[in-house]
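Novice: Got a sequence here, can you model it:
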Amino acid sequence: MGDTSKSIDKLHRRGLLFILSSPSGAGKTTLSRKLLKADEEIKLSVSATTRPPRPGEEDGVHYYFVSEAEFDRMIAADEFYEWAHVFGHRYGTPKGAIRAGLKGGQDYLFDIDWQGTQQLKQKDDQDVVTVFVLPPSLIELRRRLESRAQDSEAVIDSRMERARAEISHWAEYDYVVINDDVDECFDRVREVLEAERMRRTRQTGLIPFVRELMDG
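Specialist: As a prediction, this is how the structure comes out:
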């Protein structure tokens, strides 16, 4: 008789690609950092980039630093989940290591915009879980951007215009949370992650478990 006493939440499962998107100032970066610190089962996806390393950045840890020619080769070989131009350089999410990690149950966190999200879903929809973070109001969003004291009024105006465009894509996401209180919002994000980990189609260990249960 088999031993079916082990808890099913310890059974093997396939990992997932957990995407957090939001307009600038809505709290996506703060939520991402809190999630990485609180949850050992998820790690940040490492992107490839054509920009040079900054002081303290390590290849393979912060980014994969590649030449323009190598980035072109990776595009031609369909090695990216998604890629984009950002401030004069290119960034992309390599497939190889992530696909191997998913099979082993590793979860990956993505901090990307709606365009990157659409590209990722087209390449690997079954593994993708998307969460869009909304600010409580546009007035509050502008207040948060101004409180950083990093940008001019013209830059903030530009960010607000872009925010409106990004918010218009909220309905394309699986889940939408409002970041009025960051701790409460973080709790909701973690609840989504935990529920998605338990989705039947990801619980690859359930088939042998149920067989053993029925034979017991």
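Novice: and the gap between A38 and I112?
Specialist: 21 Å (Cβ to Cβ, to the nearest Å). C-beta here means a position set from N, CA and C on the backbone, and glycine is covered the same way.
Novice: Sorry, wrong one. I was asking about V192.
Specialist: Going from V192 to I112 by Cβ to Cβ gives 17 Å.
Novice: Which one of A38 and I112 is surrounded by more residues?
Specialist: A side-by-side neighbour count of A38 and I112, using other Cβ atoms under 10 Å, places I112 first with 22 against 10.
Novice: which residues of this protein fall in strands?
Specialist: Remark: strands assigned in the chain by DSSP state E are 17-21, 42-44, 47-49, 63-65, 80-86, 89-94, 107-111, 128-134, 175-178.
Novice: Mind putting these into a markdown table with mean pLDDT?
Specialist: What follows is the strands of the chain, written out as a markdown table (pLDDT from 0 to 100):
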| stretch | mean pLDDT |
| --- | --- |
| strand 17-21 | 96 |
| strand 42-44 | 94 |
| strand 47-49 | 93 |
| strand 63-65 | 93 |
| strand 80-86 | 87 |
| strand 89-94 | 92 |
| strand 107-111 | 93 |
| strand 128-134 | 97 |
| strand 175-178 | 97 |
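Novice: Please identify the most buried of those.
Specialist: The highest mean neighbour count among the strands of the chain, using mean count of other Cβ atoms under 10 Å, belongs to strand 17-21: a mean of 24.
Novice: Count the residues that sit near A26.
Specialist: A26 - counted by other Cβ under 10 Å - has 27 other residues nearby.
Novice: residues in contact with it?
Specialist: Going by Cβ atoms under 8 Å, 6 or more residues apart in numbering, A26 touches V133, L134, P135, L141, R144, A163, N179.
Novice: picking up where we left off before, go through the strands of the chain and name the closest to G205.
Specialist: Closest approach to G205 among these (Cβ to Cβ): strand 107-111, 15.7 Å.
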